[in-house]
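**Q** what's the 3D shape of this:
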Amino acid sequence: MILAAPRPYLGEDLCATLCLWLEPGEQAGAPLVKQMFAEGNPARPMQVKRILDQELIHAGVEFLFGCLVSDIVQDEHGELAGVVLANRAGR
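**A** Predicted structure coming up:
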């Protein structure tokens, strides 16, 4: 399994929008969210990015950043067989 992300980091839904806080009375429920807010509310963007990277490494998930899907690969039956990724290195 591989994860390909378009940005050079994970967590763009939090970090790019700077929505890094819990609302008053809101509790961090999931263990990953607890880690993100362990050092304070609001969380720091680099802290969120580091934690997400560490979780992928810990889970054994290979990942590539800065990649966009540029084409799909089909087998002889027209079924999806893969994707072609494009990044700074090319396709």
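
**Q** please make it C-alpha for all contacts and neighbour counts, starting now.
**A** Noted.

**Q** hmm, Leu56 is touching Arg50, no?
**A** No - Leu56 is beyond contact range of Arg50, at 10.1 Å (criterion: Cα atoms under 8 Å).

**Q** which secondary element of the protein has the worst mean pLDDT?
**A** Across the helices and strands of the chain, the lowest-confidence element by mean pLDDT, DSSP states H and E is helix 12-15, at a mean of 79.

**Q** buried stuff in that one?
**A** If you call a residue buried by 16 or more other Cα atoms under 10 Å, then helix 12-15 has these buried ones: 12, 15.

**Q** format the CA atom coordinates belonging to the next helix or strand after that helix as CSV.
**A** Past helix 12-15, heading to the C-terminal end, the next element that is a helix or strand (DSSP states H and E) is helix 31-36. What follows is the C-alpha trace of helix 31-36 in CSV, where atoms were taken according to Å, rounded to 0.1, in the frame of the first residue of the first chain:
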residue,chain,number,x,y,z
PRO,A,31,-5.7,8.9,20.2
LEU,A,32,-4.3,10.6,17.1
VAL,A,33,-6.2,13.8,17.9
LYS,A,34,-5.0,13.6,21.5
GLN,A,35,-1.4,13.5,20.3
MET,A,36,-1.9,16.5,18.1
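
**Q** just checking, what packs against helix 31-36?
**A** Contacts defined by 3 or more Cα pairs under 8 Å, 6 or more residues apart in numbering; DSSP states H and E place helix 31-36 against helix 45-59.

**Q** which other residues reach the helix it packs on?
**A** With Cα atoms under 8 Å, 6 or more residues apart in numbering as the contact definition, helix 45-59 has outside contacts at 9-11, 14-15, 18, 20, 32, 35-36, 62-63.

**Q** make CSV from the residues you listed and add distance to Arg44 to it.
**A** Written out in CSV, the entries for the contacts of helix 45-59 read as follows (distance: Cα to Cα, whole Å):
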residue, distance to Arg44
Tyr9, 14
Leu10, 14
Gly11, 12
Leu14, 10
Cys15, 8
Leu18, 9
Leu20, 7
Leu32, 14
Gln35, 12
Met36, 8
Glu62, 25
Phe63, 22
